[in-house]
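Please work out how this folds:
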Amino acid sequence: MFQELIAQMAREVEKLQFELNVTLPAEIRKAVELGDLKENSEYKAALERQQFVQARLGQLTQRVTKLANIDITQIPATHVGLGSKVIVEDEATTQRETYELVFGDAGELQDGHVTMGSPIGRALQGKAVGDQAILKLPNRIRRLTIVELHTIHDRAADDLA
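Here you go, the predicted structure:
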């Protein structure tokens, strides 16, 4: 799971490095040739994009470092933790929902993914099958019973099989 995420980030880093080192300098050079940099929107746009790309590269590098330092053996095998896929049943509606606890920021989440630091992620962490997670929302309290749990260890074993 982590290797896949690191590989995905490495591909994005590669694209951004190319943009930063090849594409943007060419755009800036072309804009400078147009003259009068004070009122040159192409020049300003290229510089802004350059700043964004540099910031994103720094963010990705930081995330890759954090991912590389995660020790999977420290993640519980029988309780909800990073990489767990959890099926919960809402006590009030009896509807079932599936969540996957992931590392990272909210900008890259897929459907059903929740970060460890999100309210639902914090409510589920450390729970086991049969436990009840209490999610405090601004207008109500949700009680979610964990009915099924697949930890990162189960998923890693499935990948090896």
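
and Arg130, helix, strand or coil?
Residue 130: Gly, not Arg. coil (DSSP: H, G, I helix; E, B strand; the rest coil).

pLDDT at it, what is it?
Gly130 carries a pLDDT value of 93.

ditto for the one 5 residues further on
Leu135 carries a pLDDT value of 91.

what's the answer for Ala161, then?
40.

same check, this time on Lys30
We note a pLDDT of 87 for Lys30 in this prediction.

State the helix or strand in which the closest residue to it other than its chain neighbours lies.
Nearest non-adjacent residue to Lys30, counting by CB to CB, 6 or more residues apart in numbering: Glu42, 7.3 Å away. Where C-beta positions appear, they are placed from N, C-alpha and C, glycine not excepted. Element membership of Glu42, judged by DSSP states H and E, is helix 41-68.

What of His79?
Here His79 sits in a region with no helix or strand, counting by DSSP H and E.

i'd like the first residue to be 16 from this point on
Right, with 16 as the first residue, what we last looked at is His94.

residue contacts, it?
Residues near His94 by CB atoms under 8 Å, 6 or more residues apart in numbering: Gln140, Gly141, Lys142, Ala143, Leu164, Thr166.

and the first one, what does it touch?
Read it as Gln140. Going by CB under 8 Å, 6+ apart, the list of residues near Gln140 reads His94, Val95, Gly96, Leu116, Met131.

Name the member of the residues you listed that has the highest neighbour count.
Within the contacts of Gln140, most neighbours by other CB atoms under 10 Å means Val95, with 27 neighbours.

thought that residue was touching Val144?
No: using CB atoms under 8 Å, Val95 is not in contact with Val144; the gap is 9.5 Å.

Need the residues touching each of the two.
Common contact partners of Val95 and Val144 (CB under 8 Å, 6+ apart): Ile161, Leu164.

Many thanks, we can stop here.
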